[in-house]
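Engineer: Have a look at this prediction, sequence included:
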Amino acid sequence: MDTPSHTALGREILATVRSDLYLSLRFLDAALSGLDFEMSPLIPATATNGEKLYFQPHYLFRSFDENPVLVNRAYLHNLLHCLFSHLYMEPGQNRNLWDLCCDICTESILDSLDVPCLRKIPSSLREETYQYIKEHKISLFTPGRLYHLFETNVFYQKNMVLLEQDFCIDSHQFWPCGEENKEQEQNKKQQDYEKWQELGDKTRTNMETFERRAGTNAGSLLEILKLSYGNPMKYDQFLRRFTVWQDCLQINDEEFDTAYYTLGMELYGSIPLIEPLEYKEEKKIRDLVIAIDTSGSVRGTPVRRFLTETMTILADSRRFFKNMRIRLLQFDTVVQEDMFITSFEQFARQAESFAVKGFGGTDYRCVFQYVDELKRSGSCNMIQGLMILTDGYGSYPASPPPYPVAFLLADFLKQEDGPAREPAYDSVPDWAIRLKIDH
């Protein structure tokens, strides 16, 4: 077998599959880039370890030639395992049953997605299985719920072999769940888990934006993502969307080779052959605009509570570079105040005299116009994003800006002197991220 040619052809096929999935499911754009491709002749079909998508060449070539839908579903099947964190969950005592429950969860999502590249007529056993699960009051499929249902169940015992043949699409032999003795393996598992947590957050946010327009009937997928990553999202958790990589002046112990250092000390006394790097690449926030709606509909205590939360987060040096440039705006129909923050010390001084201003109507256009003026003047060239905390009631711009925009609709933004009203979630334009957050 010509391994290099098989590997190249397999990667070309999977790249084509990834493009087809992206065109049909745009909300998966970030997640689809989360797996690299690698050939593995010893597996029956496909597998993943959270970092790579492994493929068996003969299975891949034959399936793609006979019916590309099978390869599309296999790709997305593995991807959903990662997004749902199945690889990092503690498995049940019956590992075969646990694996089957994970596969039923992912396959049920694929069967519910009404897109041509994934369309496949479910078998009678699948329909019977889905119906049986729903009859037991399980509307949202998760491995834990299904495992608890099937563990001592006659239906599973009767159809065990047939269920595994129908639902088990991939191999789980590379899953990192279980006990690892090496600290390096534990660290790698944690890094991959955090990567998929972030990709899951992005996918969920994209779905809440795209699903209104695309109509892909992916409601179950969105609900499981909400269940997996929590809903509503914490404000500081959402800030990860606006991080960038940058070199920082800091000792980098991770890339320091102690062998050369020790050898030099042994041979030459106090002269090491290598010293630790004095810089380290980190992913944090540098340029960000946070606009807070201080109109009459969100006045008083709710705004002050959010400002307190914002101040606490901005004071957390783990999320921001030392050379940060954060603009904290207050607005109603005009921008009432622009607090330009370049250091934690400066922020602490300004926070002492901070006062809420505004209490008029709500016009989001003034914020975008103000940011555009800052960009033209050169004061805000590298903006990573604009976040607007509001209740959603106001006038929006007709066209999107050239930078990411998120409308953060907080549950505590209620009227204090009248009946509570829910945030105008559906009023946010399609081009913006809309997100309910928890304070």
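Structural biologist: Perfect, thanks for sending it.
Engineer: Check which element follows the host helix or strand of Leu110 along the chain.
Structural biologist: Assessed by DSSP states H and E, Leu110 sits inside helix 95-112. Where DSSP H and E defines the elements, the next helix or strand beyond helix 95-112 is helix 124-135.
Engineer: buried sites along that following helix?
Structural biologist: Neighbour counts over helix 124-135 (16 or more other C-beta atoms under 10 Å) mark Arg126, Thr129, Tyr130, Tyr132, Ile133 as buried. (Glycine included, C-beta is placed from N, CA and C.)
Engineer: Poorly predicted segments of the stretch 251-400 of the chain, please.
Structural biologist: In the predicted model of the stretch 251-400 of the chain, residues 251-286, 296-323, 347-354, 358 satisfy pLDDT under 70.
Engineer: quick one: the strands in it?
Structural biologist: Ranges of strands within the stretch 251-400 of the chain are 277-293, 320-331, 335-341, 386-390, based on DSSP state E, counting those that start in this stretch.
Engineer: Could you count how many residues lie near Thr342?
Structural biologist: Thr342 is flanked by 12 other residues according to other C-beta atoms under 10 Å.
Engineer: wait, Thr3 sits on Glu38?
Structural biologist: No - contact criterion C-beta atoms under 8 Å: Thr3 and Glu38 do not qualify, at 11.5 Å.
Engineer: These two - which one has more neighbours?
Structural biologist: A direct count of neighbours by other C-beta under 10 Å for Thr3 and Glu38 places Glu38 higher, at 17 against 10.
Engineer: element containing the more buried one?
Structural biologist: Per DSSP H and E: strand 36-39 holds Glu38.
Engineer: I'd like the distance between Leu146 and Leu140.
Structural biologist: As judged by C-beta to C-beta, to the nearest Å, Leu146 and Leu140 stand 11 Å apart.
Engineer: of these two, who's got more company?
Structural biologist: Leu146 (25 against 12).
Engineer: tell me, which helix in the protein spans the most residues?
Structural biologist: Secondary structure assigned by DSSP state H gives helix 183-214 as the longest helix of the chain.
Engineer: now the end-to-end length of stretch 167-186.
Structural biologist: 30 Å (C-alpha to C-alpha, to the nearest Å).
Engineer: mind checking how far the closest residue to Leu199 other than its chain neighbours is from Leu60?
Structural biologist: Nearest residue to Leu199, sequence neighbours excluded (C-beta to C-beta, 6 or more residues apart in numbering): Ala31, at 4.7 Å. Counting by C-beta to C-beta, the gap from Ala31 to Leu60 is 21 Å.
Engineer: What of Asp20?
Structural biologist: Distance from Asp20 to Leu60, by C-beta to C-beta: 15 Å.
Engineer: doesn't Asp192 make contact with Glu185?
Structural biologist: No - using C-beta under 8 Å, Glu185 makes no contact with Asp192, being 10.7 Å away.
Engineer: anything in contact with each of the two?
Structural biologist: Shared contacts of Glu185 and Asp192, defined by C-beta atoms under 8 Å, 6 or more residues apart in numbering, are found at Pro176.
Engineer: For those two, indicate the residue with more neighbours.
Structural biologist: Neighbour comparison, Glu185 and Asp192: the larger count goes to Asp192, with 18 against 12 (by other C-beta under 10 Å).
Engineer: so who does the more buried one touch?
Structural biologist: With the criterion set at C-beta under 8 Å, 6+ apart, Asp192 makes contact with Asn49, Gly50, Glu51, Leu87, Tyr88, Pro176.
Engineer: Just flag the most distant two among those.
Structural biologist: Glu51 and Tyr88 (12.5 Å; C-beta to C-beta).
Engineer: which outside residues touch stretch 7-26?
Structural biologist: 28-29, 32-33, 37-39, 53, 55, 57, 60-61, 64, 68, 71-72, 75-76, 113, 115-118, 206, 210, 214, 216, 218.
Engineer: Any of these buried? List them.
Structural biologist: 28, 32, 37-39, 53, 55, 57, 60-61, 64, 71-72, 75-76, 113, 115, 117-118, 206, 210, 216, 218.
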